[in-house]
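**Student:** here are the coordinates; sequence isn't available:
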């Protein structure tokens, strides 16, 4: 891809903040963020991230920088967050390599839970302004009057496309989450297989630190306990895999959750998967796997959530 395909502001931004202009585009991925891998004229390889400025980015990058200083598996930020028009922009190390760990089995859940526990332990010592609003897939605490957080691009679509079972489960999970009175902490809220890279049995890198959230620890664990096998479409792992993730996390952190915290684990997992299923339904991308798993598992997951 030619550097001519870059956003018009980016070459000058690189020169001003990094001392060199782009020479080669290594990759580009556009979703909520526009993520561009670059090789500069001076040979430096790095990643530039730009996303709508919503007040979250500075805290996320500051926390990421602190974790990198602790030698935890995350790319080191190379700049602070800069505002370019309506965008929050920063650069970080390019840390390629490693493999995606596939599978939703209990042994995979345990390996991922140990990584999540290490990251949460590191984040416990980080002091930043809470990165609010939370990412929308863990934003059950939004101030809107409807079930889902207000997002114009989704709300303007035909909501009848969303299966009633998805809406019902989401509403019950959200009621349980909102009834909790637990302190919030920093945590990685997009702990999906596609955001982790492994070398053998050791994690090599965890990406997507733009997705830090400020929620109760148990709720963040619950989100991770269903997200860990996700590489694309919505997924819901078997019950025993979520249970294995929960147990391994508690053992790694050296603290057993209270009964209420365990309930939040199960409630948060349901909210995350129903959010994903709603998104897929509204974009006509709903497949059979996760909806079938939700139909089968929802009664027991809701029971464990006391929802």
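**Tutor:** Nice, I can see it. Note that the structure is predicted; figures quoted are calculated from it, not measured.

**Student:** grab the most central residue of the protein for me.
**Tutor:** The centre of the chain sits closest to residue 190, judged by Cα atoms, centre = their mean, with a distance of 1.4 Å.

**Student:** tell me who's in contact with it.
**Tutor:** 135, 137, 208, 211, 227 (Cβ atoms under 8 Å, 6 or more residues apart in numbering). Every residue, glycine included, has its C-beta placed from N, CA and C.

**Student:** please apply the same query to residue 256.
**Tutor:** Neighbouring residues of residue 256 by Cβ under 8 Å, 6+ apart: residue 250.

**Student:** now do the residue nearest to the centre of the chain, the pLDDT please.
**Tutor:** pLDDT for residue 190: 97.

**Student:** so it is in which element?
**Tutor:** Using DSSP states H and E, residue 190 falls within no helix or strand.

**Student:** still on that earlier bit, need the contacts of residue 190 in TSV with neighbour count and distance to residue 59, can you?
**Tutor:** Listed next are the contacts of residue 190 as TSV, based on neighbours: other Cβ atoms under 10 Å; distance: Cβ to Cβ, whole Å:
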residue	neighbour count	distance to residue 59
135	20	13
137	21	18
208	22	15
211	22	12
227	28	21
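
**Student:** let me know the closest of those residues to residue 94.
**Tutor:** Of all these, residue 94 sits closest to residue 208, with 14.5 Å by Cβ to Cβ.

**Student:** need the contact list for the closest residue to residue 94 other than its chain neighbours.
**Tutor:** Closest residue to residue 94 apart from its sequence neighbours, by Cβ to Cβ, 6 or more residues apart in numbering: residue 45 at 4.3 Å. Contact analysis of residue 45 by Cβ under 8 Å, 6+ apart lists 26, 37-39, 94.

**Student:** list the buried residues of stretch 166-185.
**Tutor:** 166-167, 169-170, 172-174, 176-177, 180, 184-185 (16 or more other Cβ atoms under 10 Å).

**Student:** out of those, which sit inside helices?
**Tutor:** With DSSP state H as the criterion, helices contain 166-167, 169-170, 172-174, 176-177 from among those.

**Student:** what would the residues you listed look like in TSV with distance to residue 20?
**Tutor:** TSV is the format used below for those (distance: Cβ to Cβ, whole Å):
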residue	distance to residue 20
166	48
167	51
169	51
170	47
172	53
173	48
174	48
176	51
177	47
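
**Student:** just the buried subset of the contacts of residue 45, please.
**Tutor:** By 16+ other Cβ under 10 Å, those give 37-39, 94 as buried.

**Student:** can you get me a residue count around residue 156?
**Tutor:** 9 (other Cβ atoms under 10 Å).

**Student:** again, but for residue 133
**Tutor:** Taking other Cβ under 10 Å as the criterion, the count of residues near residue 133 is 16.

**Student:** element containing it, please.
**Tutor:** Residue 133 is part of no helix or strand when elements are defined by DSSP H and E.

**Student:** ok, it - contacts?
**Tutor:** 54-56, 139, 142, 149.

**Student:** could you rerun that using 7 Å?
**Tutor:** Counting by Cβ atoms under 7 Å, 6 or more residues apart in numbering, residue 133 touches 54, 139.

**Student:** quick one: residue 49 and residue 33 touch, right?
**Tutor:** Yes. The pair residue 49 / residue 33 is scored as a contact, 5.2 Å apart, by Cβ atoms under 7 Å.

**Student:** ok, the two, which is more surrounded?
**Tutor:** It is residue 49, of residue 49 and residue 33, that has more neighbours when counted by other Cβ under 10 Å, with 23 against 18.

**Student:** which residues pair with that one across the strands?
**Tutor:** residue 35, residue 90 (DSSP bridges).

**Student:** begin at 846 from here
**Tutor:** Right, with 846 as the first residue, what we last looked at is residue 894.

**Student:** give me the pLDDT value at it.
**Tutor:** With respect to pLDDT, residue 894 has a value of 97.

**Student:** and if you look at the one 5 residues further on?
**Tutor:** We note a pLDDT of 92 for residue 899 in this prediction.
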